[in-house]
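>>> Got a predicted structure here, sequence first:
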Amino acid sequence: MIKRRLLAYDIPQLTKEFKKDFPQLQAMAEESESAELFKEALRSFVSSRIDKTVGGSNMGNAVARHILLLIEHDDTIVSELSTGENIPVRTITYLWQLLTGKLTEPVSPDLFIDLFRQFDLLENPEEVIPDRSLVKRQMNRWPTGLDEDVMAIRRSNKERIIAGLIRKIERRHAPTSRFQFAEGMSYAEKYTMVQDWWNTSRFHLAMAFKSPTELNYFLGGSLSEETMQLLARARKKGMPFFVTPYYLSLLNTNTSGYDDATIRSYVLYSEELVETYGQIKAWEKEDIVVAGQPNAAGWLLPEGHNIHRRYPDVAILIPDSMGRACGGLCASCQRMYDFQSERLNFDFESLKPKETWDKKLRRLMRYFEEDAQLRDILITGGDALMSQNATLRNILDAVYKMAARKQKANESRPDGEKYAELQRVRLGTRLLAYLPLRITDDLVTILRDFKEKASRIGVSQFIIQTHFQSPLEVTPEAKKAIEAILSAGWIITNQLVYTVAASRRGHTAKLRQTLNAMGVVCYYTFSVKGFHENYAVFTPNSRSLQEQQEEKIFGLVPKEKQKELYRLIRYERPLGKKLVNFIRENHLLFAATDRNVLNLPAIGKSMTFKTVGMTADGKRILKFEHDAGRLHSPIINRMGEVYIVENKSIAAYLRQLQAMGEDIKEYLSIWNYSEGVTEPRFSIYEYPDYPFDITEKMTNLEL
């Protein structure tokens, strides 16, 4: 077992620990006149430790293979895909220098802490055996927004915020606003009126808090001076603030009560984000579009920034409407680059569809109609449900007409030359968590009507793709919104961003359990993009794998039961109760139908990687492979090897958890995870087979 105090050790202390615990390694280094000779000796030593017999220690073999990879890649230079930088790899050379006292350049202790753990595992391999009772205890640490004590705090928050909103409205000079008081109204009348307005999404959007001062005022002055100075710097740099009264009421301003760090880190910006804003780069390189030129994945796209595309079979549609805005700005948003360039913003007046939008929409639909492989449209933004009902209805109607024309055109094409027809429509939205009051009867009618007519022309998958980050976001309002959407026949899937706060033991397991009880199916768990602006929230991929193996095992649906679960999700209502019964009957804690992945720049999602080195500051260097389970742009055949440098070291991550009050003993097996394999997709996320053969050709592609 690694000594937890190592997390605080400096270089001299770590040198002593290596000499004391690994004398053979120390002797090997001292007997080697160069790093090259040390690597040869080490390679021979580690190779001899691989158990060639059947039934040998899997963990010991895995660690040995990992160290051999570090030796193989030492003294090489890799091209880091996200930045394009050439990164020198000197992991084992640094170790030789440490052991021989020849370390002259600055190297973080975190690198040697990681290596110490690998050699410790080589000597004492530990097979991790998950304990169901422990996972349940870890889950029970985390309250939900449906717990009575949580709701009591939020009722108090709402009272405080409504009192502040009354004063805000009294001081407003916006004669065109529908949210204003008539002259002579009593305070009681104003209070009743604001309570009524609270139940409408437009009120929250109109009253959203857009400055650090206002944010702090409505949080009861609870933000520290240090936080206020940081937010003031953010505002000076032009970073937008946008927090609705509803979402702010979810935060806990008391020292007692529930831990709201997971949702608080979405509202408050980190030092690194503020420092970097203005120089943020597009992590997803395919989002950089130059007119007339293919994007990084090789796709030719119309109309600049309305269509994003990585895969042959799916494309993202971002409308010129309020759908370019959100119900709030997530601090770890993958589209922060677009907010920085002001393509996404909160100026609702400027985002109202122009007269030219309908014409542009028709041109965009022609792109889908004339593409040989596209079968899946994800309408997002921003946020798809930020568009007003009339706009959303027009967009969905355009999608329906396009699908019908594409189907009709296929009648004249021979088998094997037919184009892919539309099978899946998704709406990407975080409003179920940020502003569930947006889910009105009129919206549900639009969704139901579209599903009914689109089903008649072969579209079979209708999905609201949402983003709950914490069980604290599952409130009575969210529950009502979820039930309303499910009643329209749509499926709701959840994508989680695996931030530091969200990665605490039991947190994501409790979220899955809570969402399943509402009828929500879990989809991807995303690693945070690794650029510097996300340093504070980045969780190493090894923690994602640890969670995948140790927590999610208790939600793994047996293969023979997956068809039954698929049928439940598609056809049974009320889905929440059906899912809970299914989970209970199969002795699961939740239904873990999702996959843990990282969005690789330009080439898709994957969690198939091997750790091949560490930078001088201890960050792991990962060599990725593509997800072999899905269709890719053929550009991947030209890309060569894919390397990603993580945002922080594992030791730095563990120190963060320690500062948050976590027991590091519960995370120590994190060092075991040095390579990953992308999980298979649950059948509900697969496209159905066509009753005909489609063409193999790809259109709108230029390599």
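Now that the structure is in, tell me what you want to look at.

>>> going forward, measure contacts between C-alpha atoms and count neighbours the same way
OK.

>>> next one: stretch 281-295 to chain centre, how far?
Computed by CA atoms, centre = their mean, to the nearest Å, the chain-centroid distance of stretch 281-295 equals 21 Å.

>>> likewise stretch 107-122?
For stretch 107-122, the separation from the chain centroid amounts to 28 Å (computed by CA atoms, centre = their mean).

>>> List the contacts of that stretch.
Defining contact as CA atoms under 8 Å, 6 or more residues apart in numbering, one finds that stretch 107-122 is touched by 1-2, 6-7, 9-11, 14, 18, 60, 63-64, 67, 91, 94-95, 614-619, 649-652, 671-672.

>>> same question, stretch 545-565
Under CA under 8 Å, 6+ apart, the answer for stretch 545-565 is 128-130, 132, 135, 506, 509, 579, 582, 586, 588-593, 596, 669-670, 673, 676, 682-683.

>>> all helices of the stretch 601-703 of the chain, in order?
Counting by DSSP state H, counting those that start in this stretch, the stretch 601-703 of the chain has helices at residues 650-659.

>>> Can you list the low-confidence ranges for it?
Scanning the stretch 601-703 of the chain for pLDDT under 70 picks out 602-603.

>>> and with 80 instead?
Where the stretch 601-703 of the chain drops to pLDDT under 80, the residues are 601-603.

>>> What segments of it are strands?
604-606, 608-614, 620-625, 642-645, 675-676 (DSSP state E, counting those that start in this stretch).

>>> and if you look at the stretch 1-150 of the chain?
For the stretch 1-150 of the chain, the strands defined by DSSP E, counting those that start in this stretch cover 76-79, 86-89.

>>> gap between residue 658 and residue 501?
12 Å (CA to CA, to the nearest Å).

>>> now do residue 604
From residue 604 to residue 501 the distance is 25 Å (CA to CA).

>>> for residue 677, same thing?
Residue 677 is 24 Å from residue 501, by CA to CA.

>>> Looking only at neighbour counts, state which of those two leads.
Each of residue 677 and residue 501 has its neighbours counted (other CA atoms under 10 Å); residue 501 has more, 24 against 16.

>>> what's the neighbour count on the nearest residue to the more buried one once chain neighbours are set aside?
Excluding the flanking residues, the one nearest residue 501 by CA to CA, 6 or more residues apart in numbering is residue 262, at 4.8 Å. For residue 262, the neighbour count with other CA under 10 Å is 23.

>>> Residue 692 contacts residue 413, correct?
No. Contact criterion CA atoms under 8 Å: residue 692 and residue 413 do not qualify, at 10.8 Å.

>>> who touches residue 534 in this structure?
Contacts of residue 534 by CA under 8 Å, 6+ apart are 272, 273, 332, 528, 647.

>>> Residue 242 now?
Counting by CA under 8 Å, 6+ apart, residue 242 touches 208, 209, 210, 211, 327, 328, 329, 346.

>>> can you pull the pLDDT of it?
Residue 242 is assigned 92 on the pLDDT scale.

>>> Would you mind measuring from residue 202 to residue 91?
55 Å.

>>> For those two, work out which one has more neighbours and name it.
Using other CA under 10 Å, the more surrounded residue of residue 202 and residue 91 is residue 91, with 23 against 16.

>>> In the contacts of residue 242, find the pair that's most separated.
Distance extremes for these: the farthest pair is 211 and 327 at 15.4 Å, using CA to CA.

>>> out of these two, which sits in the busier spot?
residue 327 (28 against 18).

>>> re earlier: ok, of the contacts of residue 534, which one's closest to residue 81?
The closest of the contacts of residue 534 to residue 81 turns out to be residue 647 (CA to CA; 13.5 Å).

>>> Now do the same contact list for the closest residue to residue 338 other than its chain neighbours.
Nearest residue to residue 338, sequence neighbours excluded (CA to CA, 6+ apart): residue 344, at 5.6 Å. Neighbour list for residue 344: 324, 325, 338, 381, 382 [criterion: CA under 8 Å, 6+ apart].

>>> Would you check how far apart the second one and residue 350 are?
Going from residue 325 to residue 350 by CA to CA gives 11 Å.

>>> and the residue lying closest to residue 617 once chain neighbours are set aside, how many neighbours?
Nearest residue to residue 617 in three dimensions, chain neighbours excluded: residue 108, at 4.6 Å (CA to CA, 6+ apart). Residues near residue 108, counting by other CA under 10 Å, number 16.

>>> repeat for the one 5 residues further on
Here the number of neighbours of residue 113 (other CA under 10 Å) works out to 24.

>>> Quick check, pLDDT for it.
Residue-level confidence at residue 113 comes out at 97, pLDDT.

>>> cool, and residue 362?
pLDDT, read off for residue 362, is 92.

>>> right, and it touches residue 399 too?
No. Between residue 362 and residue 399 there is no contact, the gap being 9.3 Å when judged by CA under 8 Å.

>>> pLDDT weak spots in the stretch 451-600 of the chain?
For the stretch 451-600 of the chain, the ranges with pLDDT under 80 are 530, 593.

>>> Which of residue 362 and residue 399 has more residues huddled nearby?
residue 399 (24 against 15).

>>> could you list every residue that touches that one?
residue 365.

>>> how about 10 Å then?
361-362, 364-366, 368-369, 377, 393, 405, 422, 425, 450, 454 (CA atoms under 10 Å, 6 or more residues apart in numbering).

>>> And for residue 320?
So residue 320 contacts 305-306, 343, 350-354, 356-358, 360-361, 381, 387, 391 (CA under 10 Å, 6+ apart).

>>> how close does it get to residue 240?
For residue 320 relative to residue 240 (CA to CA), the value is 19 Å.

>>> Run through the residues that contact residue 432.
Shown in contact with residue 432 (CA under 10 Å, 6+ apart): 327, 385, 438-439, 464-468, 473-475, 477-482, 485.

>>> re the thing from before, can you say which of the strands of the stretch 601-703 of the chain is nearest to residue 72?
Comparing the strands of the stretch 601-703 of the chain by CA to CA, strand 608-614 comes nearest, at 8.0 Å.

>>> Next, the angle strand 620-625 makes with that closest one.
150 degrees (axes from the mean of the first three to the mean of the last three CA atoms, to 10 degrees).

>>> in its sheet, what does strand 608-614 sit against?
As defined by DSSP bridges, the strand partners of strand 608-614 come to strand 620-625 (antiparallel), strand 675-676 (antiparallel).

>>> Can you say which of these is nearest to residue 702?
Of the strands paired with strand 608-614, nearest to residue 702 by CA to CA is strand 620-625, at 22.7 Å.

>>> Specify the angle between the closest one and helix 650-659 in degrees.
Going by the same axes, to 10 degrees, strand 620-625 makes 110 degrees with helix 650-659.
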